[in-house]
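> sharing a model that was predicted from the sequence below.
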Amino acid sequence: MSNPIYKFLEEKVKPNFEEGGKLEKFYPAYDALETFMFVPGHTTPKVGSHIRDGIDMKRTMIMVVLAMIPALLFGIWNTGYQHFLALGEISTFWENVGYGALKVLPIVVVSYAAGLAVEFIFAIINKHQVNEGFLVSGMLIPLCLPVEIPLWMVAVATIFAVVIGKEVFGGTGMNILNVALTARAFLFFAYPTWMSGDKVWIGGGTDEAVAMADGSTGATLLAQATEKSSGFVNAAGAEYGNTFMDAFLGFIPGSIGETSVLAILIGAAILLITGIGSWKIMLSAVLGGYVMGLIFNAFAVNPFMEVPAHEHLVFGGFAFGVVFMATDPVTASQTGTGKYIYGFLIGLLAIMIRVFNPAYPEGVMLAILFMNVMAPLIDHYVIRANVNRRKKRTATVAA
Amino acid sequence: MSKAVKIKRGVDIKLVGEAEKVLVDAPRPKTVAIKPTDFEGIKPKVVVKPGNEVKAGTVLMYDKNHEAVKFTSPVSGEVVEVKRGEKRKLLEIIVLADQETKYEDFGAADPASLDAKQIKEKICASGLWPFIKQRPYDVIANPNDEPKSIFISAFDSAPLAPDNDFILHGEDKLFQKGVDALAKLTKGKIHLTVNGAAKADEVFLNAKNVVRHEVSGPHPAGNVGLHIHNFDPINTGETVWVVKPQDVLAIGRLFESGKFDARRIIALAGAQVKDPKYYRTILGASTKELFEQHTSSDNTRYISGSVLTGTKIDQEGYLGFYDYQLTAIPEGGEPQMFGWITPNPNKFSISRALPSWLQPGKKYNLTADKNGEERPFVVTEEYEKVFPFDIYPVQLLKAIMIEDIELMEELGVYEVAPEDFALCETVCTSKIPSQEIVRNGLNMLRKEMS
């Protein structure tokens, strides 16, 4: 190959990492970097299919990361917006972005650094290749956390999630629970004060030096919904003009990437057009959530149950979870029929947990983790149905 | 009883270099070889030595597991080499071909006047038996069995595949003779499946003694495994035999003339072929002459068979026993900088993450590149898009990988052959070698069951 960079890598750098080289042990790390820069020129074996589809795992994972970029960008802006809103100050677009970037980007960097470090260490110990799976998890983790989360917690949670949630099972493709949600659940139960309440969602909210303007509140809509079903107020204490619209566009406090359903829908469009995200899961989860919301509306005995069903879909992490986490192919149901059941139950349970147990307003996280565990069971029954069909055929033949 | 089935799941990968419907004589091959590696699950025992003179139909080797299954020379001439590889694995028995072929005489006969035993004996003696393969296991049929039915797929839907309607045109009589002989071997039916999307040639439409079916849709519409699955599915303990149309013809010729007449028409196709067309050649013919004259030798992958299921051979290789085409495509092998994000409009994909879906009808010049590294299963419902069986492909592959025989049986392993997984392997994001996995699984199962 004529590419000078490739030539340089092959001739000058690679020998150090190969057998007998000084850095022999670190070959997986080198391999990860080289294959990141250059898709290797491996050709098909002697027997088998000689032509292959242009897609590979790297492209698949990068597509998902790209799909999350709108949510990330909006999250950066919204972090600044909520901060200045709580302070009661007028801010420009760039002030919002500047403040948000300073808050959010370190979380992203720490998440990737901690996770990739673990991946590389495991690759070196196990002498296998570094897998692409963390590219997605590394972006999902920051987007589902509150902006005020201390960076060391991000690192600890990421390391916990990658080691216990994934590597102990054998790495990408083998895990039972969604890695990013494992990180979030870890923080939620280990440091609940940093994962709920009305301070962590607003940039600077936990910093006592930042004096909040009178009447301001950092409570999320879900937290407010435990007491009332309408008349929600924003960070400045003013009532939303149109709660549904503000929540849809994302001008509300919440985890970094979860607030704007619009930005999430752009990501969903990318996933659906490329076919990488399962429409079966997304559609059935939305249906499940909506149905549960309607049921609650019909039998409402408290304010939370009165929250209109369509508003449930734009509140909290529901949209984010359904689009980016429920669709994780490794931890979701693997059969077509199973996906409908899996998605529907996620939607149903997410709203149910959210409403019935206000201590866990983020029902979507628990619903997905629960269904991650149940997915193999769903698949089992779907596959048994196929097996029984085949057995029945034998019985017919024998008769 | 004839049925029509339309399948939706599958894909036609359109490639440049399709063979033009022109039939010419290939240069007479100097050497011809029988490759024991073409036959799964046999224990070859060679009975000739270099220097032996053979006729077309003289036994070169037989299967130690079934001594009746003989492999005979496709031409007359002198055995020049018995080639072995690592661990003395038998690779090729090479015969230097005479200018004029001399034949062993097995005696012409009308299949109608013979019983099943006599027909089997004649087919076995002449070395034509290996043309009859069986499902499950996708191996040479056991002459002691009686299958519940026999399937002939009249069309091949793989990319650049030869067109049997063109090749068998006008051979009605011999084809019918072959069918009549096969019909004696089963109490069940002979299922002949034609392409429902086009009008089949008279040779298939006029064939008697068969049940005709139609299957239409994208590849693997022509795969015989799919036909069996739809028309007479295999249950545990059952056996179905399959024969390719050109081999039915060879059986017909045996009964007509009493000779092992190993002539075969092949398509020479692929982007590296200068003038892709059809050639009259012979089973096991040396590919040197054809490839040298008609392909560009620059970084080329030579394949005996199709791009989906064929075997990579040297330029100076031999046409495989079960191959009806020779394909030459660019080898590729260049690393691509940031290849995982570049749009790559010239690569084919069933995923919409590449622009392939925006260019319907485009003919691709695909290389033998893997386009990525092997990974564990991650993406789901990908194989299902190209696997039109009522079987869960990934779950079956996993059952094979963990060697869980009971689960494999439950999930339908008896109904599949490696070729049915060729498209799964082609479209796989994780680049998993499913054909090899299925092959190993079937071999393991067969060993376990015997």
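Nice, I can see it.
> the most centrally placed residue in chain A: helix or strand, and which one exactly?
Central residue of chain A (C-alpha atoms, centre = their mean): residue A:140, 3.8 Å from the mean position. Assigned by DSSP states H and E, residue A:140 falls within helix A:133-143.
> just checking, what packs against that helix?
When contacts are defined as 3 or more C-beta pairs under 8 Å, 6 or more residues apart in numbering or on different chains; DSSP states H and E, helix A:133-143 sits against helix A:57-87, helix A:93-126, helix A:151-165, helix A:179-190. C-beta coordinates here come from the backbone N, C-alpha and C atoms, glycine included.
> output that helix as CSV, nothing but the C-alphas.
The C-alpha trace of helix A:133-143 is given here as CSV (Å, rounded to 0.1, in the frame of the first residue of the first chain):
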residue,chain,number,x,y,z
GLY,A,133,-18.5,-1.9,21.9
PHE,A,134,-17.3,0.7,24.4
LEU,A,135,-17.3,3.4,21.7
VAL,A,136,-21.1,3.5,22.3
SER,A,137,-21.1,2.9,26.0
GLY,A,138,-18.6,5.6,26.5
MET,A,139,-21.0,8.1,25.0
LEU,A,140,-24.1,6.7,26.6
ILE,A,141,-22.8,6.9,30.1
PRO,A,142,-22.3,10.8,30.2
LEU,A,143,-25.5,11.4,28.4
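> contacts for it, please.
A:61-62, A:64-65, A:68, A:71-72, A:75, A:104, A:107-108, A:111-112, A:115-116, A:119, A:154, A:157-158, A:161-162, A:166, A:171-173, A:179-180, A:183-184, A:255-258, A:320, A:324-325, A:328, A:330, B:378 (C-beta atoms under 8 Å, 6 or more residues apart in numbering or on different chains).
> pull out the buried residues from it.
Of the residues in helix A:133-143, A:133, A:134, A:135, A:136, A:137, A:138, A:139, A:140, A:141, A:142, A:143 count as buried by neighbour count, 16 or more other C-beta atoms under 10 Å in any protein chain shown.
> now, which of those sits nearest chain B?
Closest approach to chain B among the buried residues of helix A:133-143 (C-beta to the nearest C-beta): residue A:133, at 7.3 Å.
> let me know the pLDDT of the closest one.
Model confidence at residue A:133, given as pLDDT, is 87.
> quick one, what contacts residue A:185?
Shown in contact with residue A:185 (C-beta under 8 Å, 6+ apart): A:365, A:366, A:369.
> same check, this time on residue A:177
Contacts of residue A:177 (C-beta under 8 Å, 6+ apart): A:165, A:331, A:369, A:372, A:373.
> returning to that earlier point: got the helices and strands packed on helix A:133-143 as a markdown table, with mean pLDDT columns?
Listed next are these as a markdown table, based on pLDDT from 0 to 100:
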| stretch | mean pLDDT |
| --- | --- |
| helix A:57-87 | 94 |
| helix A:93-126 | 94 |
| helix A:151-165 | 96 |
| helix A:179-190 | 94 |
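> now those helices in TSV, please, with extra columns for distance to residue A:264.
Formatted as TSV, the helices and strands packed on helix A:133-143 follow (distance: least, C-beta to C-beta, whole Å):
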stretch	distance to residue A:264
helix A:57-87	5
helix A:93-126	16
helix A:151-165	21
helix A:179-190	15
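> check the secondary structure at the residue of the stretch 251-400 of chain B found nearest chain A for me.
Minimum separation of the stretch 251-400 of chain B from chain A (C-beta to the nearest C-beta) falls at residue B:372, amounting to 2.4 Å. Under DSSP: H, G, I helix; E, B strand; the rest coil, the three-state class of residue B:372 is coil.
> which residue packs closest to it, ignoring adjacent ones?
residue A:56 (2.4 Å; C-beta to C-beta, 6 or more residues apart in numbering or on different chains).
> quick one, domains of the chain?
I'll assume chain A. Per the record, chain A has its domains at A:4-37, A:59-212+A:222-236+A:247-382, by automatic domain parsing.
> ah, no, chain B please
Using automatic domain parsing, the domain parsing of chain B gives B:4-257, B:370-449.
> lowest-confidence helix or strand of chain B?
For chain B, counting by mean pLDDT, DSSP states H and E, strand B:336-337 ranks last in confidence among helices and strands (a mean of 90).
> now that one: how far from the chain's centre is it?
In terms of C-alpha atoms, centre = their mean, to the nearest Å, the centre of strand B:336-337 is set 35 Å apart from its chain centre.
> quick check: what element follows that strand along the chain?
Next element after strand B:336-337 (DSSP H and E): helix B:393-401.
> hmm, that following helix in reach of chain A?
Yes - legend: contact between helix B:393-401 and chain A by C-beta under 8 Å from any C-beta of the partner chain is shown at B:394, B:395.
> output the contacting helices and strands for that helix.
helix B:405-411, helix B:434-449.
> near chain A, which residues of the stretch 201-350 of chain B?
Residues of the stretch 201-350 of chain B lying near chain A by C-beta under 8 Å from any C-beta: B:233, B:235-236, B:238, B:301, B:303, B:307-312, B:327, B:329, B:331-341, B:344, B:347-350.
> the residue of the stretch 251-400 of chain B closest to chain A and residue A:58, how far apart?
Noted for residue B:372: a distance of 7 Å to residue A:58, by C-beta to C-beta, to the nearest Å.
> between those two, what contacts are shared?
Residues touching both residue B:372 and residue A:58 (C-beta under 8 Å, 6+ apart): A:39, B:340.
> so which of those two has more stuff around it?
residue B:372 (26 against 21; other C-beta atoms under 10 Å in any protein chain shown).
> just to revisit the earlier point, strands paired with the least confident helix or strand of chain B, and their directions?
Taking DSSP bridges as the criterion, strand B:336-337 forms sheet pairs with strand A:38-39 (antiparallel).
> from the contacts of residue A:177, which land in helices?
Residues of these located in helices (DSSP state H): A:165, A:369, A:372, A:373.
> kindly reformat those residues as a markdown table containing neighbour count and distance to chain B.
Listed next are the ones in helices among the contacts of residue A:177 as a markdown table, based on neighbours: other C-beta atoms under 10 Å in any protein chain shown; distance: C-beta to the nearest C-beta, whole Å:
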| residue | neighbour count | distance to chain B |
| --- | --- | --- |
| A:165 | 23 | 15 |
| A:369 | 20 | 19 |
| A:372 | 24 | 14 |
| A:373 | 12 | 17 |
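> still on that earlier bit, for residue B:213, state which of the contacts of residue A:185 is nearest.
Nearest to residue B:213 among the contacts of residue A:185, counting by C-beta to C-beta, is residue A:369 at 48.9 Å.
> ok, the closest one touching residue A:180?
No - the criterion here is C-beta atoms under 8 Å, and residue A:369 misses it with residue A:180 at 10.7 Å.
> mind listing what residue A:294 touches?
Contact analysis of residue A:294 by C-beta under 8 Å, 6+ apart lists residue A:309.
> what residues does the stretch 51-200 of chain B put near chain A?
Going by C-beta under 8 Å from any C-beta, the residues of the stretch 51-200 of chain B near chain A are residue B:159.
> for the stretch 51-200 of chain B, which residue gets nearest to chain A?
Of all residues in the stretch 51-200 of chain B, the one sitting closest to chain A is residue B:159 (7.7 Å; C-beta to the nearest C-beta).
> among the contacts of residue A:177, find the lowest-pLDDT one for me.
Comparing pLDDT over the contacts of residue A:177, residue A:165 scores lowest. The value there is 92.
> tell me how many other residues crowd residue B:331.
20.
> contact partners for it?
Going by C-beta under 8 Å, 6+ apart, residue B:331 touches A:43, B:299, B:300, B:301, B:367, B:368.
> mind running it again at 10 Å?
Residues counted as contacts of residue B:331 (C-beta atoms under 10 Å, 6 or more residues apart in numbering or on different chains) are A:41, A:43-44, A:50, B:272, B:298-302, B:312, B:367-369.
> among these, who's most crowded?
Neighbour counts for the contacts of residue B:331, by other C-beta under 10 Å, peak at residue A:50, which reaches 29 neighbours.
> what's the neighbour count on the one residue in the stretch 1-150 of chain A that gets nearest to chain B?
Across the stretch 1-150 of chain A, no residue is closer to chain B than residue A:56, which sits at 2.4 Å (C-beta to the nearest C-beta). Using other C-beta under 10 Å, residue A:56 has 26 other residues around it.
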